[in-house]
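> quick one, structure for this:
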Amino acid sequence: MIFINPKTDFAFKKIFGSEQNPEILISFLNALLYGGHHTITELEIINPYLAPKIQGVKDTFLDVKAKLTDNKTVIIEMQVLNLSGFEKRILYNAAKAYSIQLQPGEDYTLLNPVIALTLTDFEMFEDLPQVISNFVLKEKNLLTDYPVHDLELVFVELPKFIKELDELETLSDKWIYFIKSARGLEAIPETMAQVPEIRKAFEVANQANMTREELEALEQREMYIHDQRNAIKLALRQGAEQGMEKGIQVGREQGIQEGREQGIQEGREQGIQEGREQGIQESKVEMARKMLGVVDEDTISQITGLSLEEVRRLR
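Predicted coordinates:
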């Protein structure tokens, strides 16, 4: 068997966003949000997976979004690229899902809780050792819970999960292992096949069960992610090298000039600092130029720190 990579947004939504197999998402959410307990028994997938037409490489697929029987909304996102501002985007999406529940004039008591479940293929919280982290509103000093538990941010950092197949114990272990390792497996492991929902997820992820259009769309998504990763790595490496070289050069020249007027030592220090800043700015511009035509403007802006207007001027 050849399994698709659940870490790509297209594959993730095909596996977990199918109206035909809601039991997969129910088991997945019970594992990651409720410690494997059967807290969720039913749900409604709000934006279900639909077999795509051939997608352009810059198209994006919406998150999996579901409403539970208690009217709680869950937003699930798989993120493979660590882009600038990603943490704010998660908070924005959760707050937006919470606020749009009300029509003008409706009472705030009608608001229902929202959980944002985010899986990342990179580490977000270096100071936290656990794989799964839960964030809620608390009082700053006493850490007392806010009276209303309506916003919860849950993160699953895949690189922190290092268990091997024979070490899997809990339902959450098995689901995280599926997300992280399914692409490299050639058969459904016996220990995971014992969970009907995970066995079904493997069946959905089997390339033999996909249409040609789905396989082409998946391939384009994987190529797009691969190209973005390489573009980011190259731009950051070149930007760092160029920024350092330009910063030192400009800093020396400016430092010598100002040093003549204010004293060699004072001027050199100030000049090097200003030169570094100038070099960094120039390296950002150079980095952005190299990424034009490879990465979209929003991504270039996030990576380089340049405004959208500056990026468009370069184009």
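
> can we go C-alpha only for contacts and neighbour counts from here?
Fine.

> which stretches of the stretch 151-300 of the chain have low pLDDT?
Regions of the stretch 151-300 of the chain meeting the criterion pLDDT under 70 cover residues 217-219, 221-241, 243-244, 246-248, 250-272, 275.

> just the helices in it please.
Taking DSSP state H, counting those that start in this stretch as the criterion, the stretch 151-300 of the chain contains helices spanning 171-181, 190-193, 196-205, 212-262, 264-291, 297-304.

> how near is F135 to T118?
12 Å (C-alpha to C-alpha, to the nearest Å).

> and if you look at Q278?
As judged by C-alpha to C-alpha, Q278 and T118 stand 37 Å apart.

> E42 too?
Applying C-alpha to C-alpha, the value for E42 to T118 is 21 Å.

> now do L111
From L111 across to T118, the span is 22 Å (C-alpha to C-alpha).

> bridging residues for the residue most central in space within the chain?
Centrality entry for the chain: nearest residue to the mean C-alpha point is Q79, 2.5 Å, by C-alpha atoms, centre = their mean. For Q79, the beta-bridge partners under DSSP bridges are T120.

> burial count for P6?
A count of nearby residues for P6, using other C-alpha atoms under 10 Å, gives 23.

> quick one: secondary structure of it?
Secondary structure state of P6, per DSSP: H, G, I helix; E, B strand; the rest coil, is coil.

> who touches it in this structure?
Counting by C-alpha atoms under 8 Å, 6 or more residues apart in numbering, P6 touches F12, I15, F178, I179, K180, A182, R183, A205.

> sec struct for E126, please.
coil.

> need the pLDDT of it.
Predicted confidence (pLDDT) for E126: 91.

> swap in the one 4 residues further on?
Reading off the confidence values, Q130 has pLDDT 96.

> confirm it sits in a helix?
No - looking at Q130 with three-state DSSP, it is coil, so not inside a helix.

> run through the residues that contact it.
Residues near Q130 by C-alpha under 8 Å, 6+ apart: K160.

> what ranges do the strands span in the stretch 1-150 of the chain?
Here the stretch 1-150 of the chain has its strands, by DSSP state E, counting those that start in this stretch, at 43-45, 64-68, 73-79, 114-120, 132-135.

> and I2, which of those is closest to it?
For I2, the closest of these is strand 73-79, at 20.8 Å, according to C-alpha to C-alpha.

> okay, that closest one in PDB with CA atoms only?
Extracted in PDB, the C-alpha atoms of strand 73-79 (Å, rounded to 0.1, in the frame of the first residue of the first chain):
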ATOM      1  CA  THR A  73     -17.300  24.600  17.300                       C
ATOM      2  CA  VAL A  74     -14.000  23.000  16.600                       C
ATOM      3  CA  ILE A  75     -11.500  24.400  14.000                       C
ATOM      4  CA  ILE A  76      -8.800  22.000  13.000                       C
ATOM      5  CA  GLU A  77      -5.700  23.100  11.000                       C
ATOM      6  CA  MET A  78      -2.600  21.300   9.800                       C
ATOM      7  CA  GLN A  79       0.400  23.700   9.300                       C
END
